[in-house]
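Q: Next one to model:
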Amino acid sequence: MAVVHDLTPQDVAQGIAEGRYLLVDVREPNEVAVEAYPDGIVVPLSSFDPKAIPDPAGKEVVFACRSGKRSVTASMAAQSAGLSYDKHLAGGMLGWKAAGLPTKTGG
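A: Residues are numbered from 1 along each chain as shown. Next comes the predicted model:
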């Protein structure tokens, strides 16, 4: 049974800053164009293929979306494909912004 671990925005931001996490944003391109995670890689859930995720090169993959629902779905799909990507950003972009963390526009 797949298990997805919740990470707080602070955990994720710190992990990215320390080079431990690779953030994979599974929102759609139109959402990302409006507001994006500063260091995210976009792999939309609508056409989700775990193989489209770049080699994390030793980092742990953390999925993120708008509210934390699609990121769980993506994590479970990746695990079903045999990948050990079991972390997501709880609260998504909403939580990220509520925590006062930076975003960028234009994807």
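Q: Not counting residues beside it along the chain, what's closest to residue 97?
A: residue 103 (6.5 Å; Cβ to Cβ, 6 or more residues apart in numbering). For glycine as for every other residue, the C-beta is placed from the backbone atoms N, C-alpha and C.
Q: Can you name the residues that contact the one you found?
A: By Cβ atoms under 8 Å, 6 or more residues apart in numbering, residue 103 lies in contact with 35-38, 93, 96-97.
Q: Is there a quick PyMOL command that grabs whichever of those residues are buried?
A: This is how PyMOL selects the buried members of these, with burial counted by 16 or more other Cβ atoms under 10 Å:
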select buried, resi 35+36+37+93+96
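Q: now the contacts of residue 103 as a markdown table including pLDDT, distance to residue 86 and secondary structure?
A: Formatted as a markdown table, those follow (pLDDT from 0 to 100; distance: Cβ to Cβ, whole Å; DSSP: H, G, I helix; E, B strand; the rest coil):
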| residue | pLDDT | distance to residue 86 | secondary structure |
| --- | --- | --- | --- |
| 35 | 95 | 26 | coil |
| 36 | 97 | 24 | strand |
| 37 | 97 | 19 | coil |
| 38 | 94 | 23 | coil |
| 93 | 98 | 20 | helix |
| 96 | 98 | 20 | helix |
| 97 | 97 | 24 | helix |
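Q: Which member of the contacts of residue 103 is positioned nearest residue 12?
A: Nearest to residue 12, judged by Cβ to Cβ, of the contacts of residue 103 is residue 96 at 7.8 Å.
Q: The closest one against residue 37, yeah?
A: Yes - applying Cβ atoms under 8 Å as the test, residue 96 and residue 37 come out as touching, 6.9 Å apart.
Q: Please enumerate the shared neighbours of the two.
A: 64, 103.
Q: Please tell me how far the residue nearest to residue 97 sits from residue 64.
A: Applying Cβ to Cβ, to the nearest Å, the value for residue 103 to residue 64 is 11 Å.
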